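>>> Make a model of this:
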Amino acid sequence: MAILKFVVDGMLGKLTRWLRMLGHDVEYFNLLDDNELIKVAKSEERVLLTRDVELYRKAATEGVKAFLIEGKNEGEMLAELAGKYNFNLEIDVSNSRCPKCNSRIRPVEKEEVAEEIPESTSKFYNDFWKCQKCGKIYWQGAHWKRINETLTQAKQVLKKD
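Numbers count the residues shown, from 1 in each chain. Down below sits the predicted model:
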């Protein structure tokens, strides 16, 4: 899978986390103004994602690749992007990035993180991943069902289009 590079404005924080879980390199800024976002997109060769029509037009005028997000929820937004940039709507944890900080996550042994996770989690789950930068630990817990439901919704929206 080709890794896409995005820069996302402050209105799309949740989408940022989804794209990172799907393995894409996503820089998120909620305090930069439009000119600074455009500058980052241009200098780092990233696609600018926004819901702001004015920012989208300004970026396009300055020759920056940009995409105007119109979906009403994460499923619709992911479907729009997967349709435009032709990426898979499946999470492959070997390619996933930390939803929090955008760094790579790596598989770790349960014993390596046992002191850092709830005892009940250790009891019910065996597969864990840890962010190489911020140290956050991930596992496919109860939330995994909701993640898959959102991705299924995105795939259904994509099929309709």
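
>>> contacts, neighbours, all on C-alpha from now
Noted.

>>> Excluding chain neighbours, give the residue nearest to the residue nearest the centre of the chain in space.
Nearest to the geometric centre of the chain sits residue 19, at 2.0 Å (Cα atoms, centre = their mean). Closest residue to residue 19 apart from its sequence neighbours, by Cα to Cα, 6 or more residues apart in numbering: residue 26 at 7.0 Å.

>>> returning to what we had before: I'd like to know which elements the helix or strand containing the residue nearest to the centre of the chain is packed against.
Residue 19 belongs to helix 13-21 when elements are defined using DSSP states H and E. Judged by 3 or more Cα pairs under 8 Å, 6 or more residues apart in numbering; DSSP states H and E, the packing partners of helix 13-21 are strand 25-28, helix 74-85.

>>> Most tightly packed of the ones you listed?
Of the helices and strands packed on helix 13-21, the one with the most neighbours on average (mean count of other Cα atoms under 10 Å) is strand 25-28, at a mean of 23.

>>> next helix or strand past it?
helix 34-43.

>>> tell me the mean pLDDT over that next one?
Helix 34-43 carries an average pLDDT of 97.

>>> Show me what it is packed against.
Packed next to helix 34-43, using 3+ Cα pairs under 8 Å, 6+ apart, are strand 5-8, strand 47-50.

>>> ok, 6 Å please
Packed against helix 34-43 by the contact rule (3 or more Cα pairs under 6 Å, 6 or more residues apart in numbering; DSSP states H and E) you find no helix or strand.

>>> buried set for that helix?
Residues of helix 34-43 classed as buried: 37-38, 40-42 (neighbour count, 16 or more other Cα atoms under 10 Å).

>>> longest helix in the chain, by residue count?
If each helix of the chain is counted by residues according to DSSP state H, the longest one is helix 143-160.

>>> mean confidence for that one?
Mean predicted confidence for helix 143-160 is 93.

>>> list the buried ones in it?
Result for helix 143-160 [16+ other Cα under 10 Å]: buried residues 147, 150-155, 157-158.

>>> Need the residues that contact it.
Helix 143-160 is contacted by residues 75-76, 78-79 when judged by Cα atoms under 6 Å, 6 or more residues apart in numbering.
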